[in-house]
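In: A predicted structure for the sequence below; I have some questions about it.
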Amino acid sequence: MPSDWRILKRSMPAEIHPDRFTVERQNMVESQLSARGIRDPRVLDAMARVPRHEFVAERYRDQAYEDHPIPIGEGQTVSQPYIVALMLETLSPEPSSKVLEIGTGSGYQTAVLAELCAHVFSIERHAQLAREAEAALVRLGYRNVTVIVGDGSQGLPEFAPFDGIVVSAAAPRIPSALFEQLQEGGRMIIPVGPAEAQELQLVRKLEGQPTIDRLEGCRFVPLIGGQGYSSSW
Ligand code: SAH
């Protein structure tokens, strides 16, 4: 690999570059993730591999590796790369972990998770988004993922307990169903709060009780469901 991908990118026109997305992805990892303190080499490697541009519509492909969320239809967005990295680094899944994801959206974060753990169960309430995400995941060869249409705020009791749970939509409070489905010693990462004042929380289950660490402020779409908000804000 050339020592400075940024120079390579500037010096070659996009149309003759062999794979400009690989270069953009490497720049994303360096300038948006490593530079902001993401350290876990497994997360950095996974995000350097997963083709984020495959999870957005054609007209957004040029922006796929930029430092912001991107619309994915149904009024939803794929999270900014840094937020995905921060959540997954904090979740810290093992290669043997079984993880539950709430809010499949585009399937991008599902793919990164699939690189990091043994199996991902991912729930999405919009059937159309779930179908498109599943198609992208299959096309890219991910076999250790199960996408399910439903209300993820209730979790997936038939496949519980989970070593990790990652919630990609903001909840009014920590859903008790999700905490119950967490393995002893397991970790859940979840944005909690209303539209303007959410914070990312790490919830650990220790001797059956929740231990909560507050991370940083964030902005997600609402978790809508039985243990979420009743409608969008
Ligand atoms: N991580 C995703 C982005 C998720 S956006 C990605 O990489 O693309 C949040 C998603 O949560 C939206 O698609 C929204 O439809 C979904 N969602 C909201 N409430 C939900 C619920 N109760 N159950 C399942 N999915 C839900």
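Out: Structure received.
In: which residues touch Leu206?
Out: Applying Cβ atoms under 8 Å, 6 or more residues apart in numbering to Leu206 gives the contacts Glu184, Gly185. Yep, even glycine has a C-beta here, placed from its N, CA and C like the rest.
In: Quickly note the distance from it to Phe21.
Out: Computed as Cβ to Cβ, to the nearest Å, the Leu206 to Phe21 distance reads 42 Å.
In: What of Ala170?
Out: In this view, Ala170 and Phe21 are 30 Å apart by Cβ to Cβ.
In: Compare those two (neighbour count), which wins?
Out: Ala170 (25 against 17; other Cβ atoms under 10 Å).
In: ok, the more buried one touching Gly217?
Out: No - using Cβ atoms under 8 Å, Ala170 is not in contact with Gly217; the gap is 11.4 Å.
In: what's the overlap in contacts for the two?
Out: With Cβ under 8 Å, 6+ apart as the test, Ala170 and Gly217 both reach Gln198.
In: which residues sit against the longest helix belonging to the chain?
Out: Of all segments of type helix in the chain, defined using DSSP state H, the longest is helix 127-139. Residues from elsewhere that reach helix 127-139, judged by Cβ under 8 Å, 6+ apart: 54-55, 72-74, 76, 104-107, 110-111, 114, 122, 124, 145, 147-149.
In: Which residue lies closest in space to the most centrally placed residue in the chain, excluding its sequence neighbours?
Out: The centroid of the chain falls nearest to Gln109 when counting by Cα atoms, centre = their mean (3.2 Å). Spatial nearest neighbour of Gln109, excluding adjacent residues (Cβ to Cβ, 6 or more residues apart in numbering): Val84 at 5.1 Å.
In: how far away is Val84 from the ligand?
Out: Computed with Cβ to the nearest ligand atom, to the nearest Å, the distance linking Val84 and the ligand is 7 Å.
In: Helix or strand: which one has the residue nearest to the centre of the chain?
Out: Assessed by DSSP states H and E, Gln109 sits inside helix 108-116.
In: Extract the C-alpha set from that helix and format it as CSV.
Out: Output of helix 108-116 as CSV, limited to C-alpha atoms (Å, rounded to 0.1, in the frame of the first residue of the first chain):
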residue,chain,number,x,y,z
TYR,A,108,-24.1,-0.8,6.9
GLN,A,109,-23.5,-1.1,10.7
THR,A,110,-24.8,-4.7,10.5
ALA,A,111,-22.0,-5.5,8.0
VAL,A,112,-19.4,-4.0,10.3
LEU,A,113,-20.8,-6.0,13.2
ALA,A,114,-20.8,-9.1,11.1
GLU,A,115,-17.0,-8.6,10.6
LEU,A,116,-16.5,-8.4,14.3
